[in-house]
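Asker: No letters, just coordinates:
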């Protein structure tokens, strides 16, 4: 049991007295999301990820930078310990743990590689992060140079190949915090997508799809994405009410992302996470995902007919245009003060989109059908894909990813993967002047304006550009001091 528990990625903080943006892997994905172009937020002191929006956290003394490094290297260290303990075993249960450890290590390297260096294609020889394996001595770790991007991905694929062999036939059932065969295939699908191994990415995604079923149109017609019991979740962080981050009250992901919690930075201070108006306008009216956000008119079918304490939800929480209502409150009880929602690490919906992109970029004629079947069945019955080339298909699938995976951590990494430029659009003066009545504590109402992007250029004032070093995190100062070979 102890060996198996090591493979569950944590939602816990990395420090004894953590900053309020230090609550584990969900905080990492919040930072990566706000570094993209689709999640503007207030600039108030209650936005703990303000520096991620401005790229001010990309310096080697940044606490968020250290959080990213520690989150994945600490988890990787746990995986290495399991590999040492299970070396040479023939016990079936221990072999499952061993397979999970290989997959967990690959997951960590995959995240580190995307945070600290540009994407694989075209940057194979650039220095990435140190490779740490199970049999390295302490001295070797302390003098471990950065490996190239190519070498890091070689390690990732090697680990995932071994994981898939060892996890053959293993299903995590209701234990969604455990890595199973479908998750291992899903991780290799992600890696192959990054490496432009298009056909292999599609094949691996198809294998992963066997592990789950997308949430139906009815399922996502209400706030959700808060429980690993959903059949669409292949892997997630399971969070219980007695967990440390829940006990803190507000140092957890729902506090910063859920607009329907009764105890969070979002609802208590108005630091909601919004969708950019540019993305909102690209979502067809017939697509349910448009309803995951409050409209410019102050409505959403997900919450229009619901109340809290007899007050309409939008008024009760003070929801302004473009605020998200995608993520449900704990136990689907709006206003619940317990922030014990699970966090998704991999949903099967992502695998459908990887499959479609892999097929499109490998000139597989089934690509358009794969995409249309998914979107028409689960999100927009009126959808038709009009793309007529591989590049147009990739761009369309990126739009679908932005819509489907909004808020889940792919914001900046998808931009880096496709080598695009961050594009942020400020709200027009006309829209900024729009006022909506918002409920205030005590029962009064106040006028508020919709929010859009504030930061429209790099810190040096220059326009956003592709493959800018501003998008990358710096190796933390403490690591540089501890390892002279970095």
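Answerer: Thanks, I have the structure now. Predicted model, so just to flag it, every value in this text is computed and none were measured. Numbering: from 1, shown residues only.
Asker: ok, now how distant is the residue nearest the centre of the chain from residue 401?
Answerer: Taking Cα atoms, centre = their mean, the centroid of the chain lies closest to residue 409, which sits 2.3 Å from it. Distance of residue 409 to residue 401, given as Cβ to Cβ, to the nearest Å: 11 Å. Bear in mind the C-beta positions are built from the backbone N, C-alpha and C, glycine included.
Asker: Can you list the low-confidence ranges for the stretch 1-150 of the chain?
Answerer: 1-18, 43-45 (pLDDT under 70).
Asker: Quick check, residue 341 in contact with residue 224.
Answerer: No: applying Cβ atoms under 8 Å as the test, residue 341 and residue 224 come out as separate, 10.0 Å apart.
Asker: what touches both of the two?
Answerer: Counting by Cβ atoms under 8 Å, 6 or more residues apart in numbering, the contacts common to residue 341 and residue 224 are 327, 328.
Asker: Which one's more surrounded, those two?
Answerer: Counted by other Cβ atoms under 10 Å, residue 341 and residue 224 do not tie: residue 341 has more neighbours, with 27 against 17.
Asker: thinking residue 355 is in contact with residue 373, fair?
Answerer: No: Residue 355 is not in contact with residue 373 according to Cβ under 8 Å; the separation is 10.5 Å.
Asker: So for the two, which residue has more residues nearby?
Answerer: residue 355 (28 against 14).
Asker: Chain neighbours aside, what residue packs nearest to that one?
Answerer: Spatial nearest neighbour of residue 355, excluding adjacent residues (Cβ to Cβ, 6 or more residues apart in numbering): residue 205 at 3.9 Å.
Asker: Do you have the helices of the stretch 151-300 of the chain handy? List them.
Answerer: 181-194, 198-209, 244-247, 253-257, 265-269, 277-282 (DSSP state H, counting those that start in this stretch).
Asker: contacts for the last one?
Answerer: Under the criterion Cβ under 8 Å, 6+ apart, residues 37-38, 290, 293, 296, 322, 399, 402-403, 406, 423-425, 427, 431, 450, 452 lie in contact with helix 277-282.
Asker: Quick check: what element follows it along the chain?
Answerer: strand 307-308 (DSSP states H and E).
Asker: and after that next one, which helix or strand comes next?
Answerer: Toward the C-terminus from strand 307-308 - assigned by DSSP H and E - lies strand 311-312.
Asker: partners of that next one in the sheet?
Answerer: Note on strand 311-312: by DSSP bridges, its sheet partners are strand 307-308 (antiparallel).
Asker: Give me the residues contacting the strand it pairs with.
Answerer: So strand 307-308 is contacted by 313, 316, 317, 334, 335 (Cβ under 8 Å, 6+ apart).
Asker: How many residues are close by residue 466?
Answerer: The tally of other residues near residue 466 (other Cβ under 10 Å) stands at 13.
Asker: Wait, residue 424 touches residue 453, no?
Answerer: Yes: assessed by Cβ under 8 Å, residue 424 is found in contact with residue 453 at 4.2 Å.
Asker: what touches both of the two?
Answerer: Counting by Cβ under 8 Å, 6+ apart, the residues touching both residue 424 and residue 453 are 37, 40, 276.
Asker: Format the residues you listed as JSON lines; extra columns: neighbour count.
Answerer: Below are the shared contacts of residue 424 and residue 453 laid out as JSON lines (neighbours: other Cβ atoms under 10 Å):
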{"residue": "37", "neighbour count": "21"}
{"residue": "40", "neighbour count": "26"}
{"residue": "276", "neighbour count": "24"}
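Asker: Can you give me the first-to-last residue distance of stretch 299-310?
Answerer: Taking Cα to Cα, to the nearest Å, stretch 299-310 runs 17 Å from one end to the other.
Asker: Quick check: the gap between residue 135 and residue 90.
Answerer: 20 Å.
Asker: Between these two, point out the one with more neighbours.
Answerer: Neighbours were counted for residue 135 and for residue 90 using other Cβ under 10 Å; residue 135 has more, 9 against 6.
Asker: quick one: residue 38 and residue 408 touch, right?
Answerer: No: assessed by Cβ under 8 Å, residue 38 is found out of contact with residue 408, at 11.2 Å.
Asker: So which of those two has more stuff around it?
Answerer: Using other Cβ under 10 Å as the criterion, residue 38 and residue 408 rank with residue 38 on top: 26 against 23.
Asker: That one: what's it in contact with?
Answerer: By Cβ under 8 Å, 6+ apart, the residues touching residue 38 are 275, 276, 278, 279, 402, 406, 411.
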